[in-house]
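[1] Give me a model of this one.
(2 chains)
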Amino acid sequence: MIAEGTPAPDFTLESQFGTRFHLADHKGRHSVLLLFYPLDWTPT
Amino acid sequence: MPALDALVGQFAAQANTLCVGISVDSKHSHHHWAYDLGGVSFPLLSDFQPRGAVAAKYGVYLEQAGITDRATVLIDSEGIVRHASTVGVSGKRNIDELLALAVKLNRLEDFTPPRPRGALAPDATLYVREGCRFCQSVKKAVHSLKLGDAITVRDIEKDPAAREALAAFGGEVKVPALVQHGKVQHESSDIIRTLAELYVLT
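    So this is what the prediction gives:
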């Protein structure tokens, strides 16, 4: 797992609404919490 | 996710933190699953092509199983990882603890809280009919984004006046149709994106 204190790797992914999320867009604005989960239709 | 959805506003307001879910599912799977859960208004991202590529960058992709570990990563406003942990595939995240951590790590005065980009026009109306799959898909997004109060939904089969109103905008009378400022938008995926661009926190 990524180490605390290291720069977060940038990425762009598409959401359930068809919008794009680009991590770098949020830099200098607020924190981002990434909640990875195994699969849809499972508990989160 | 439903428990978390209720807390997304608190993450934004109290901790200046934007929440996003990430799994290897397609955006269509996310869309329908989110609805079945009672609606998820924050982004569920599709780490789909190539499968698990973003999870792998964060060291949380379980390659043999082809799924993502139930890991949580908090990135501060300077783009630095401040917390990374996992509860394992079958574990349960402690959302309250994560909220407390996000609050602790943030310096609210420095930042811009996540917020919606805009709002629908006051005349925003969604035209639908029963049994139309694409209408159903748009209605799911309206529900997920909790837009029940922001948009009027009219059924063009049950309500002849609604059909006439839609016809008055010109062109072919087909649904789903989103009307704003007198302009009609048709494609369900375009309508959903329009709604999300206004209301998903960013």
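[2] Pull out the buried positions in the worst-scoring helix or strand of chain B on mean pLDDT.
    The least trusted helix or strand in chain B, going by mean pLDDT, DSSP states H and E, turns out to be helix B:2-15, with a mean of 84. For helix B:2-15, burial by neighbour count (16 or more other CB atoms under 10 Å in any protein chain shown) applies to B:4-5, B:7-8, B:10-12, B:14-15. Every residue, glycine included, has its C-beta placed from N, CA and C.
[3] Run the angle between the helix or strand that that helix is followed by and helix B:2-15 for me.
    Scanning forward in sequence from helix B:2-15, with DSSP states H and E defining helices and strands, the next element found is strand B:17-23. Angular relation of strand B:17-23 and helix B:2-15 on a 0 to 180 degree scale: 150 degrees, by axes from the mean of the first three to the mean of the last three CA atoms, to 10 degrees.
[4] Identify all contacting residues around strand B:17-23.
    If you take CB atoms under 8 Å, 6 or more residues apart in numbering or on different chains as the criterion, strand B:17-23 is touched by A:13, A:15, A:21, A:26, A:30-40, A:44, B:1, B:4, B:8, B:11-12, B:30, B:40, B:42-47, B:54-55, B:67-68, B:74, B:102, B:106, B:114, B:201-202.
[5] cutoff 7 Å now
    A:21, A:26, A:30-40, B:1, B:4, B:8, B:11-12, B:42-45, B:47, B:54-55, B:68, B:102, B:106, B:114, B:201 (CB atoms under 7 Å, 6 or more residues apart in numbering or on different chains).
[6] Please flag which of those residues sit within helices.
    When the contacts of strand B:17-23 are checked against helices using DSSP state H, the ones located there are B:4, B:8, B:11-12, B:54-55, B:102.
[7] Report all helices and strands that the biggest strand by length in chain A contacts.
    The single longest strand within chain A, with elements called by DSSP state E, is strand A:31-36. Using 3 or more CB pairs under 7 Å, 6 or more residues apart in numbering or on different chains; DSSP states H and E as the contact definition, the elements that strand A:31-36 packs against are strand B:17-23, strand B:71-75, helix B:95-105.
[8] How far away from the center of its chain is the second one?
    Which is strand B:71-75. Averaged C-alpha coordinates place strand B:71-75 at 19 Å from its chain's average position (CA atoms, centre = their mean, to the nearest Å).
[9] okay, the helices and strands packed on strand A:31-36 in TSV with mean pLDDT next?
    Formatted as TSV, the helices and strands packed on strand A:31-36 follow (pLDDT from 0 to 100):
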stretch	mean pLDDT
strand B:17-23	95
strand B:71-75	97
helix B:95-105	93
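[10] Let me have these in TSV, extended by mean neighbour count.
    Output for these, formatted as TSV (neighbours: other CB atoms under 10 Å in any protein chain shown):
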stretch	mean neighbour count
strand B:17-23	26
strand B:71-75	24
helix B:95-105	16
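[11] Let me have these in a markdown table, extended by distance to B:Arg193.
    What follows is the helices and strands packed on strand A:31-36, written out as a markdown table (distance: least, CB to CB, whole Å):
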| stretch | distance to B:Arg193 |
| --- | --- |
| strand B:17-23 | 17 |
| strand B:71-75 | 25 |
| helix B:95-105 | 28 |
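[12] Of all these, which one is nearest B:Asp190?
    Relative to B:Asp190, the nearest member of the helices and strands packed on strand A:31-36 by CB to CB is strand B:17-23, separated by 22.3 Å.
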